[in-house]
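**Q** Show me the folded form of this:
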Amino acid sequence: MPEGDTVYLAAQRLHAALAGKPLRKTDFRVPRLATVDLAGKTVEAVVARGKHLFFQLTGDVRIHTHFKMDGAWHLYRPGEKWRGRPAWQARVVLESSDWTAVGFQLPVLELVDRDGERRVVDTLGPDPLGDSWNADEALRRLTRDGDRTISAALLDQSVMAGPGNVYRCEICFLRGLHPWTSVANIAEPERIVDLTRRLLEANRGRSQRVTTGDPRPGRELWVYGRAGRPCRRCGRPVRRRQGEPTPDGERLTFWCEHCQPPPARAS
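**A** Now for the predicted structure:
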């Protein structure tokens, strides 16, 4: 599932392949951009902003994409057969002399200028993987609505830009928090902010996300995707429930009721 670390790694790889190179061919395979031709423009940088990715081109042109649930960028050498995704899922193809970048199943694909990029970024909270990370601001945004659940707050990109459903479940487990604990009932919420950044930092160079410290297959995560299997700490079954509503639909929540007990009810 693409989250901030996945987008960061994609941006790093795309930047290394394309930055400083003129595009010799572009092919936008969505109706509203079908006639656009950016051949001749040079890729100045490819950058991640939370879960958003921007190709910054000469002439104040930006290609803005977002993976949502299913999107991906692949890199191929010229003439190399595309792998992993069928060609009909391609939404955009960018060719330089050395590389072909193919964006598959991108639900957000648009052209914007510098101001358009800024408008997107201005809706986001501090990015744990960004150069301008501000832990104090992230904490302020996390705690500004104490009635909100920690689950909802961790998915809100205006709080912190990057963490998604996997990190939401894993962070709650690591902090021993029931997913529907209200933010006001969390002691030391600054530790949530710190843990979020440390986890994304630890995974920004990996293609496989690891929160347990054990990268062996099947051992990478504490609770996410492990419904009905034994909790790695206590052995009780991990639970699953259709969870927080988001603009992309409801997300599944995974947790251990023993290690993450519900908050005590006020008497």
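
**Q** Just the mean pLDDT for the helix or strand hosting Trp73, thanks.
**A** Per DSSP states H and E: Trp73 is located in strand 72-76. Per-residue pLDDT over strand 72-76 has a mean of 98.

**Q** which strands and helices sit next to it?
**A** Using 3 or more CB pairs under 8 Å, 6 or more residues apart in numbering; DSSP states H and E as the contact criterion, the secondary-structure elements in contact with strand 72-76 are helix 4-18, strand 100-104. Yep, even glycine has a C-beta here, placed from its N, CA and C like the rest.

**Q** So what are the sheet partners of it and their directions?
**A** Each strand that strand 72-76 pairs with, and the sense of that pairing, follows from DSSP bridges: strand 100-104 (antiparallel).

**Q** Quick one: name whatever helix or strand follows the helix or strand of the chain with the lowest mean pLDDT.
**A** Sorted by mean pLDDT, DSSP states H and E, the helices and strands of the chain end with strand 239-246, the least confident at a mean of 74. Towards the C-terminus, the helix or strand next in line after strand 239-246, according to DSSP H and E, is strand 249-255.

**Q** list the buried ones in that following strand?
**A** By neighbour count on 16 or more other CB atoms under 10 Å, the buried set for strand 249-255 is 251, 253-255.

**Q** One more: stretch 121-133?
**A** Here stretch 121-133 shows 121, 124-130, 133 as buried, counting by 16+ other CB under 10 Å.

**Q** For these, which two are the farthest from each other?
**A** Val121 and Pro128 (14.6 Å; CB to CB).

**Q** out of the helices and strands packed on strand 72-76, which comes closest to Pro237?
**A** Taking CB to CB as the measure, the helices and strands packed on strand 72-76 were each checked against Pro237, and helix 4-18 came out nearest at 28.2 Å.

**Q** in this structure, what spans have low per-residue confidence?
**A** Across the chain, the ranges flagged by pLDDT under 70 are 1, 243-250, 265-267.

**Q** just the helices in it please.
**A** According to DSSP state H, the chain carries its helices in the segments 4-18, 114-122, 135-143, 150-155, 165-174, 190-203.

**Q** Nearest to Met69 among those helices would be which one?
**A** For the helices of the chain, proximity to Met69 was assessed by CB to CB; helix 165-174 is nearest, at 9.5 Å.

**Q** Buried residues of that closest one, list them for me.
**A** Buried positions in helix 165-174, judged by neighbour count with 16+ other CB under 10 Å: 165-174.

**Q** Next: stretch 142-161.
**A** 142-143, 148-157, 159-161.

**Q** Determine which two of these are furthest apart.
**A** In the buried residues of stretch 142-161, the most distant members under the criterion CB to CB are Thr149 and Ala161, with 19.2 Å between them.

**Q** so which of the helices of the chain comes closest to Arg49?
**A** Distances from Arg49 to each of the helices of the chain were compared using CB to CB; the minimum, 5.1 Å, belongs to helix 114-122.

**Q** for that closest one, packing partners?
**A** strand 43-49, strand 52-57, strand 61-66.

**Q** Partner strands of the second one, with direction?
**A** What that stands for is strand 52-57. Here strand 52-57 is paired, per DSSP bridges, with strand 43-49 (antiparallel), strand 61-66 (antiparallel).

**Q** returning to that earlier point: out of the buried residues of stretch 142-161, who's nearest Gly20?
**A** When the buried residues of stretch 142-161 are compared against Gly20 (criterion: CB to CB), the nearest one is Ala161, at 26.7 Å.

**Q** if I look at the residue lying closest to the closest one once chain neighbours are set aside, how far off is Cys256?
**A** Setting aside the residues directly before and after it, Ala161 is nearest to Gly50 in space (CB to CB, 6 or more residues apart in numbering), at 2.7 Å. The span separating Gly50 from Cys256 equals 28 Å under the rule CB to CB, to the nearest Å.
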